[in-house]
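Participant: Predicted coordinates and the sequence they were generated for:
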Amino acid sequence: MVQEVQEYVQLCGTAIRFAFSRPFYRHDFVEQLDSIGMGSLTVVLLTGFFTGAVLALQSGMTLDQFGARPFVGRLISASMIKELGPVLTGLMLAGRVGSGIAAEIGSMVVTDQVSALRALGTDPIRKLVVPRILAGTLMAPVLTIVADTVGILGGWLIAVYQLRVASSLYWKSVTEALYIQDVWMGLLKPFVLGFVIVSIGCHVGLRTKGGTAGVGRATTNAVVASSVMVIAVDFFVTRLLFSLIY
Amino acid sequence: MPESATDVRGGAVAPVGDQPMLVFKKVSLAFDDNVVLRDVSFTLRQGHTKLLLGASGSGKSTILKITLGLLKPDAGEVWVRGVRVDEMTEAQMMGVRTDLGMVFQDGALFDSLTVGENVGFKLYESTEQSLAAVRTRVEQVLELVGLGEFIDRMPAELSGGQRRRVAIARAMASKPRILLYDEPTTGLDPITALSVDEEIVKMRDLEEVTSVLVTHQLRDAFFVTDFEAVRGAQGVEFREAHERKLDEAEFIMLKEGVVHFEGNSRELRASRDPYITTFLS
Amino acid sequence: MPRTRSLAWAELKVGLVSIFAIGIAAFLIFLLSGSTGFPWQRYTVKAMFDDIAGLKTGAPVRVAGVDTGTVTEVAFKQDQVEVVMEIKKDMQPRITDLSVAALGSVSLLGESAVDITAASKGTPVPDQGYVKTGKAAGSMAEVATKAGTAIDGVGTLVSDLNKGKGTMGKLFTDEQLYADLNKLVAGLDEVTKNVNKGKGSIGRLMQDPTLVKSLESSLKSLEGMTQDLKAGKGSLGQLLTNDELAKSLNRMTSNLDAMTAKLNRGEGTAGKLLNDDALFTKLDSVTGRLDKVVSDLQAGQGTAGQLLHDKQLYDRLNSTVTEMQGLVSDIRKDPKKYLNVRVSLF
């Protein structure tokens, strides 16, 4: 267990170092940006939208008890931007991207393709891991912003058509409960979460053993580990950011 | 042998006469309690062939991986073209690997790339040559293995034998001095296996490649030792190897990680060792 | 994915979405920092307070109640606290040497803010300059101060009372008054004792058992009477209890009611009498004539009048009546004398 953590940290460190040195596989990097970013776009759009909508739906009833129905805009924007956007996007990415990367790299390991890469003089970490980690780290905030936006839009739809809140009131109240630090937090967190998800996927993939069954195991482990880490890291990062920027 | 650990690109200096291409000196390796290799030693000269025989799990593939630097031995020395490699870092090994080519079991082609991109992989990565020049070389090598028209196909569309041949082409594309074959004919039907054997012989004889062949298919092993390829009027011909040639192909039989036999094909056939006779039957 | 395929489309997609996302983020950041502006749109203003009551950096600064800046630093300068604030530049004309900075609250929970009064008439406070400090109205601090003053007042009052100033003070402190009150109480005490013992009329009243007894018996008979009444004994009792009587009374009243109603409606002679106008007019006229007749009679007009007035006529009549009477008695005595009845057929 300890050794595994050590290897993971080594992988992360190596990947970060390699990101800033030659050779850098730009082609693969852009491919991964597309695969991770655009590929997950649909998932993120749907997740964000329905989360925002259901949040509005549920909170509408509770807010009514306090005569605070017009506050629904604040509630949705604050929860999406600070917490739900980053975490839900992270979980969706963990499921989609984490599993995909672990499976891809895992199957390359069991079919000797990774050894072949090394035999052909290409460092697998530079070629496989670095592009993915960079792409994941950069795309996660972008996707989070998309999720936040459609979430607030979803909340708007419900607020206007179901809760009968005035449209202009909703949009105005969206910014009322936000501090600028909330926005920074909502943008910084996805960076960390994206890094965690992809690095765990790569690490688990590279350590795959045992043929196709091993690949299946690796995929499962990657999803489970990155999902749990998303939630855990979210807590720690939030805590850290609280003391740093508030 | 000179200590030249800092001389990464050993290929810069052409080997002088008899300098061996590959030397193993008392190499040992164990995974936990499992001893894979124990005091394995051999020497491989240029243009010669080493055939590693043995039962499954006897450590044959491990020797190849140690040669490539994919694994590091617990004890002993490994010299590739006069350069000691067993204690090199991964980065340093990259330089050594320019002279090594490996054909993996099942080919290990990159399934997301086309055949052409697979074969030219190393050349594309090096960025020293233009795309057109690389393409030419790829076509050339694929012609050599007889798969020229598959250049834009995906590996998944190829049969097992074709994949092996593409793997050989890929290993050959950058003209390495030493080719390592990891069970190249295992799992193939006899005819396809024969075609692979022919490629191995062609590489050795026409391209002057030093080979290490790991196999437990005796038929193919004997073909490689007993035949040679020459360019004839109608293309490449195979004929029986002459005496001297036979000496250039040496068998090493491994039994439970230890060298059990070392000798040419005649010596192998003539051996009275019960293990060997069982193996050969 | 083969490297030889163009990456252009992939790059384009990624670029578009990234730009969109960055745009939204930038827009949001801009919106939020809008109230306080970007760093180059702000200037610094300071104020010295004796007590900042928990004011923190990042607390809002308001001018005339409008959010325009934040507190960026809070530091001690000897025993006072210097509060450094960054405010939007366009507020500068309003924050002048006539402005007063005071501690206000953001919410009822007392989260502090700095309130600056807008006073465009004075000269603007320069960058890094100081604003005067004072108390703000309606803040928690203000309420606390007022409460403090009130408590002080009460304190003074109590001490005054203690010192014996004023009537209440005297009440509290005057020994003589106390002695007098004591005597009064003692006297009252005596009186009550006497009353208790039965001395004096009231005392007797209080003490005499017979009086009590008679009172008791009266009460008893009263009680008895009420009970009888309840049981329906005696006419009053009956009245109180007898249903029948009540019912007949009811009926009577309803009859009376009906009758009066009838009368009202003009039914029946009496009713008519009551209601009929014509009848009334007739009666009126009859009585009028009767009146006339009587008056005529009285005046001696007409035969009857004569009869009423003429004395001679009366005398003659009198004598006639007397003779007649004699005649009748003769006839009675001897009817054959006078009456010969001849019966004749034709």
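Facilitator: Received, thanks.

Participant: can you tell me the distance between the two ends of stretch B:252-271?
Facilitator: 13 Å (CA to CA, to the nearest Å).

Participant: So what's the gap between it and the chain middle?
Facilitator: 18 Å (CA atoms, centre = their mean, to the nearest Å).

Participant: Which residue ranges of the chain form helices?
Facilitator: Since no chain was named, I'll use chain A. Here chain A has its helices, by DSSP state H, at A:2-19, A:26-32, A:39-65, A:72-79, A:85-93, A:99-110, A:113-119, A:124, A:130-161, A:167-176, A:180-206, A:211-245.

Participant: Sorry, I should have been clearer: chain C.
Facilitator: Taking DSSP H to define them, one finds helices in chain C at C:8-33, C:140-163, C:166-173, C:175-197, C:200-207, C:209-231, C:234-241, C:243-265, C:268-275, C:277-299, C:302-309, C:311-333, C:335-338.

Participant: Then the stretch 1-150 of chain B?
Facilitator: Taking DSSP state H, counting those that start in this stretch to define them, one finds helices in the stretch 1-150 of chain B at B:60-68, B:90-96, B:115-119, B:121-126, B:131-144.

Participant: and among the ones you listed, the most buried is which?
Facilitator: Mean neighbour count (mean count of other CB atoms under 10 Å in any protein chain shown) peaks for helix B:115-119 among these, with a mean of 26. Backbone N, C-alpha and C define where each C-beta goes, glycine included.

Participant: pLDDT of it, averaged?
Facilitator: Summarised as a single mean, pLDDT over helix B:115-119 is 92.

Participant: name the helices or strands packed onto that helix?
Facilitator: Helix B:115-119 is packed against helix B:131-144, helix B:160-173, with contacts defined by 3 or more CB pairs under 8 Å, 6 or more residues apart in numbering or on different chains; DSSP states H and E.

Participant: Is chain A within reach of the first one?
Facilitator: No - counting by CB under 8 Å from any CB of the partner chain, chain A has no neighbours in helix B:131-144; the shortest distance is 12.7 Å.

Participant: just to revisit the earlier point, how about the helices of the stretch 1-150 of chain B in JSON lines, adding distance to residue A:12?
Facilitator: Putting these into JSON lines (distance: least, CB to CB, whole Å) gives the following:
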{"stretch": "helix B:60-68", "distance to residue A:12": "26"}
{"stretch": "helix B:90-96", "distance to residue A:12": "17"}
{"stretch": "helix B:115-119", "distance to residue A:12": "30"}
{"stretch": "helix B:121-126", "distance to residue A:12": "24"}
{"stretch": "helix B:131-144", "distance to residue A:12": "34"}
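
Participant: And those helices: which comes nearest residue B:46?
Facilitator: Among the helices of the stretch 1-150 of chain B, helix B:60-68 comes nearest to residue B:46, with 15.1 Å by CB to CB.

Participant: pLDDT below threshold where in the stretch 1-150 of chain C?
Facilitator: C:1-6, C:33-39, C:106-111, C:135-142 (pLDDT under 70).

Participant: And the helices and strands packed on helix B:115-119: which comes nearest residue B:63?
Facilitator: With CB to CB as the criterion, residue B:63 lies closest to helix B:160-173 of the helices and strands packed on helix B:115-119, at 16.8 Å.

Participant: Determine how far the closest one lies from the middle of the whole chain.
Facilitator: Computed by CA atoms, centre = their mean, the separation of helix B:160-173 from the middle of its chain amounts to 12 Å.

Participant: quick one: buried residues of that helix?
Facilitator: Within helix B:160-173, the residues scored as buried using 16 or more other CB atoms under 10 Å in any protein chain shown are B:161-173.

Participant: need the residues of the stretch 1-150 of chain B near chain A, please.
Facilitator: Neighbours of chain A within the stretch 1-150 of chain B, by CB under 8 Å from any CB: B:65, B:68-70, B:90-91, B:93-94, B:97-98, B:100-102, B:104-106, B:108-111, B:121-122, B:125-126.

Participant: picking that back up, okay, the helices of chain C in TSV with mean neighbour count and distance to chain A next?
Facilitator: Below are the helices of chain C laid out as TSV (neighbours: other CB atoms under 10 Å in any protein chain shown; distance: least, CB to the nearest CB, whole Å):
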stretch	mean neighbour count	distance to chain A
helix C:8-33	15	4
helix C:140-163	12	23
helix C:166-173	13	49
helix C:175-197	11	59
helix C:200-207	13	66
helix C:209-231	11	60
helix C:234-241	14	62
helix C:243-265	12	61
helix C:268-275	14	71
helix C:277-299	11	75
helix C:302-309	14	105
helix C:311-333	10	114
helix C:335-338	9	128
